[in-house]
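[1] Please work out how this folds:
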Amino acid sequence: MRRWLVPVVAVAVLWLTAPMWLGALGSFLVVADAPEKADAILVLAGDMDGLRVLKAGELARQGFAPKVYVSGPRPVYGISEAELAINDAARHGYDKALFEALDVPADSTEEEAKGIAPVLRERGVKTLLVVTSDYHTGRAGRIWRRVATGIRIKMVAAPDTFFSAGGWWKTRSGRKTAFYEWVKTLTGPLGA
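    Numbers count the residues shown, from 1 in each chain. Just a heads-up that it's a prediction; the model follows:
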């Protein structure tokens, strides 16, 4: 009769401590640095809400770097994602001349880094602030530091519409965001 007690207690403990361990799972994904003066800022692709490019514009306005490069590996309805992001930043009051589109074909963060890092080296970039969504900073930072040798990388977190480390499990979109980032985190080293 006591056999059922162990699983029931285990489920109860998991349920009661869920915010703690779910929050830890979310926090693990976020590995961001404080911004520092740099040669340039790079906005990684994949943010359809414009929060990454606005964060980069804010950093440039605060004097952290004179130039913002915007990655745009996939066109959206025939328009560069980078151009869409730059136009959005301009609508929010940022000078378009501050931004430059880098349209390098890529289907992953690793391909994006491999395509863009040589371009940045050619332009003399030695220190780079890489702006991406908070949940993406850990994985993207590991990739960029491995691929962009010779460039000092600092990862800067932009907020995300759906993800927060302390509450991602409360919404369907937050759960999807965390799930996909965890899958990519776990399978990335396998070359998947």
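
[2] separation between residue 152 and residue 103?
    25 Å (CB to CB, to the nearest Å). Quick note: C-beta positions are derived from backbone N, CA and C, even for glycine.

[3] Residue 185 too?
    For residue 185 relative to residue 103 (CB to CB), the value is 27 Å.

[4] Residue 40 now?
    16 Å.

[5] Repeat that for residue 50.
    18 Å.

[6] which element is the closest residue to residue 63 other than its chain neighbours on?
    Spatial nearest neighbour of residue 63, chain neighbours left out: residue 37 (7.6 Å); criterion: CB to CB, 6 or more residues apart in numbering. Using DSSP states H and E, residue 37 maps to neither a helix nor a strand.

[7] Contacts for the helix or strand of the chain with the lowest mean pLDDT, please.
    Ranked by mean pLDDT, DSSP states H and E, the helix or strand of the chain with the weakest confidence is helix 5-16, at a mean of 70. Residues outside helix 5-16 that contact it (CB atoms under 8 Å, 6 or more residues apart in numbering) are residue 21.

[8] in the next helix or strand after it, what's buried?
    Per DSSP H and E, the first helix or strand lying C-terminal to helix 5-16 is helix 18-29. Within helix 18-29, the residues that count as buried by 16 or more other CB atoms under 10 Å are 22, 23, 26, 29.

[9] Show the pLDDT at the closest residue to the second one other than its chain neighbours.
    Excluding its sequence neighbours, the residue lying closest to residue 23 (CB to CB, 6+ apart) is residue 166, at 5.0 Å. At residue 166 the predicted local distance difference test score is 90.
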